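Trainee: Build the 3D model from these lines:
(4 chains)
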Protein chains: 2
Amino acid sequence: MKNSFRRITKRKLSRSIIANAGLELVKDKGFDSLTMKALADKLNVTPMAIYRHVSDKSDLINSVLDAFVCDVDVCNHEISNLDWKEWLRATYTNMYTSLKGMPSLHPYLGNAPRFGPNAMEVLSKILSVLRTAGFNQQQTINATSSLTGFMIGCSIMDTAFHQSLSKSQQNLYIPSTIDSGLDHIFTALSLELEANNKTKVVS
Amino acid sequence: MKNSFRRITKRKLSRSIIANAGLELVKDKGFDSLTMKALADKLNVTPMAIYRHVSDKSDLINSVLDAFVCDVDVCNHEISNLDWKEWLRATYTNMYTSLKGMPSLHPYLGNAPRFGPNAMEVLSKILSVLRTAGFNQQQTINATSSLTGFMIGCSIMDTAFHQSLSKSQQNLYIPSTIDSGLDHIFTALSLELEANNKTKVVS
DNA sequence: ACCTGAACACCGTTCAAGT
DNA sequence: ACCTGAACACCGTTCAAGT
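Mentor: Now for the predicted structure:
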């Protein structure tokens, strides 16, 4: 009785509760609003209470980013039903769309964030899809780097491009979707895979 | 006499002097060291003197970024001597190498920076090379977006990837150069161009 | 173990004042 | 026109103290 009471009243905070509250804050009021004080107010605690669960602000940001990855759930489509290309297209398009919808997170991406557990899970799924498709280890790393780099850069660039053009240029600019770039990469990856299969038959 | 005296003693500051001092500060002491106070100390003025030439901190950052673009001079190779692919490869490799060498600038890239005059000059050169090569307007925009997005994303990712792997994984990880990704994109662009030329011949 | 309260050094930015 | 000096609200973070 006494124990269950303490279990309820204590431990109001946890790393994941903090991360999700932080994500909500960024969602609602943007990048700059994620401060220790604002987050503490949202959680009805003192700013210092947060430091019991995250080591510092950059640790907080990393866990918010990982909460975001978990939230958008980019890999919710079945692997088995699609070939590698379609699966990757769906996955990266999901990521891209999610990121574009949340430009407040962009500033964090440049800060060499550490991949959290959720991001790592997505990453390992991508790697395994590529390996299963027939790419060797180095090709898999290169492909993942190309795709991920392109997806992130593209979502950042689209925003930057648009802001940089003068008023008169803005109606000229048709924002590029991520599709054409993915087409570029997939075309090249397919060729790479064909070459792999040929040398396999020969040897 | 009096006028020339005033011209020398006054106007110690200018937008470009401030931008270059800011760039030096970031170069030497990293991202976090670019504060109004530190910059003012470097220039031997009061923090407030800077506000006469830049409107606020984000304006300062944009001008520092543009000073960086000017500094690295990515387009110093001749257009005429190379075909479009080689010229673009050289340009984007230059940018990538410069950015990798200055991770302190990465955080700014996520902040949807406004392209300054120097960046705009580079951008227009790239666009013109693609148009001259035979791409239509939409293809040119798509290609530029692919290449630039990939280049930026790749330099950010490489750093993030490396930091995220555990110690035991780190020796497994071979950092992907930008080359393979550019290969991917160029392969696809070449196919696109071939298709363009075919339809031209037909019509 | 978990949270609070007071304090610290620093940040960007404002305003009125000097020359 | 260009720069200074003092002040303001806010930031992340520390430390010792409470329960």
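Trainee: Could you tell me the per-residue confidence at the residue most central in space within chain A?
Mentor: Geometric centre of chain A, nearest residue: A:Val69, 5.1 Å, by CA atoms, centre = their mean. pLDDT for A:Val69: 97.
Trainee: roughly how far apart are A:Lys57 and A:Asp66?
Mentor: 15 Å (CB to CB, to the nearest Å). For every residue, glycine as well, the C-beta is placed using N, CA and C.
Trainee: Please apply the same query to A:Ser14.
Mentor: For A:Ser14, the distance to A:Asp66 - CB to CB - is 14 Å.
Trainee: which residue packs closest to the residue of chain A found nearest chain B, ignoring adjacent ones?
Mentor: Closest approach between chain A and chain B, counting by CB to the nearest CB: A:Gly153, at 2.7 Å. Closest residue to A:Gly153 apart from its sequence neighbours, by CB to CB, 6 or more residues apart in numbering or on different chains: B:Gly153 at 2.7 Å.
Trainee: sorry, back to before: A:Ser14 and A:Asp66 - which one has more neighbours?
Mentor: Neighbours per residue (other CB atoms under 10 Å in any protein chain shown) separate A:Ser14 from A:Asp66, with A:Asp66 holding more: 23 against 11.
Trainee: How confident was the prediction at the more buried one?
Mentor: For A:Asp66, pLDDT reads 97.
Trainee: again, but for A:Leu127
Mentor: For A:Leu127, pLDDT reads 95.
Trainee: Could you verify my assumption that it touches A:Thr140?
Mentor: Yes - between A:Leu127 and A:Thr140 there is a contact under CB atoms under 8 Å: 5.7 Å.
Trainee: Those two: which has the busier surroundings?
Mentor: Between A:Leu127 and A:Thr140, A:Thr140 has the larger neighbour count (other CB under 10 Å), namely 19 against 16.
Trainee: What sits closest to that one if chain neighbours are left out?
Mentor: Using CB to CB, 6+ apart, the nearest residue to A:Thr140 is A:Leu130, at 4.3 Å.
Trainee: Helix, strand, or coil at the one you found?
Mentor: helix (DSSP: H, G, I helix; E, B strand; the rest coil).
Trainee: State whether A:Ser104 and A:Gly30 are indeed in contact, as I suppose.
Mentor: Yes - counting by CB under 8 Å, A:Ser104 does reach A:Gly30; the two are 4.6 Å apart.
Trainee: For these two, work out which one has more neighbours and name it.
Mentor: A count of neighbours by other CB under 10 Å puts A:Ser104 above the other of A:Ser104 and A:Gly30, at 17 against 14.
Trainee: hang on, the earlier thing: any chance you could read off phi and psi for the residue of chain A closest to chain B?
Mentor: phi -60, psi -40 (degrees, to the nearest 10).
Trainee: wait, it sits on B:Leu147?
Mentor: No - judged on CB under 8 Å, A:Gly153 makes no contact with B:Leu147 at a distance of 9.4 Å.
Trainee: distance of A:Asn136 from A:Ser146?
Mentor: Relative to A:Ser146, and taking CB to CB, A:Asn136 is found at 15 Å.
Trainee: Now A:Asn111. Nearest residue, chain neighbours left out?
Mentor: Nearest non-adjacent residue to A:Asn111 (CB to CB, 6+ apart): B:Pro107, at 5.0 Å.
Trainee: and the helix or strand where the one you found lies, anywhere near DNA strand C?
Mentor: Assigned by DSSP states H and E, B:Pro107 belongs to helix B:106-109. No - Helix B:106-109 lies apart from DNA strand C when judged by CB under 7 Å from any atom of the strand; the minimum separation is 12.7 Å.
Trainee: Quick one: residues in contact with that helix.
Mentor: Applying CB atoms under 8 Å, 6 or more residues apart in numbering or on different chains, the external contacts of helix B:106-109 come out as A:107, A:110-112, A:156, B:31, B:61, B:64-65, B:99, B:152, B:155-156, B:159.
Trainee: Same question for stretch A:181-198.
Mentor: A:85, A:88-89, A:92-93, A:133-136, A:139, A:143, A:146-147, A:150, A:154, B:142, B:145-146, B:149-150, B:181, B:183-185, B:187-189, B:191.
Trainee: Next up, the contacts around A:Ser104.
Mentor: So A:Ser104 contacts A:26-27, A:30-31 (CB under 8 Å, 6+ apart).
Trainee: circling back: same question for the helix holding B:Pro107, mean pLDDT?
Mentor: Helix B:106-109 comes out with an average pLDDT of 92.
Trainee: right, is it up against DNA strand D?
Mentor: No - using CB under 7 Å from any atom of the strand, we find that helix B:106-109 stays clear of DNA strand D, coming within 14.4 Å at best.
Trainee: Only the C-alpha atoms, please, for that helix, written as CSV.
Mentor: Extracted as CSV, the C-alpha positions of helix B:106-109 are listed here (Å, rounded to 0.1, in the frame of the first residue of the first chain):
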residue,chain,number,x,y,z
HIS,B,106,27.1,22.5,-40.1
PRO,B,107,24.7,23.7,-37.4
TYR,B,108,24.0,26.9,-39.4
LEU,B,109,23.1,24.9,-42.5
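Trainee: Pull out the buried residues from it.
Mentor: Neighbour counts using 16 or more other CB atoms under 10 Å in any protein chain shown place B:106-109 of helix B:106-109 among the buried residues.
Trainee: Now do A:Arg11, the pLDDT please.
Mentor: 67.
Trainee: Check A:Gln137 too.
Mentor: pLDDT, A:Gln137: 90.
Trainee: Contact partners for it?
Mentor: A:Arg131.
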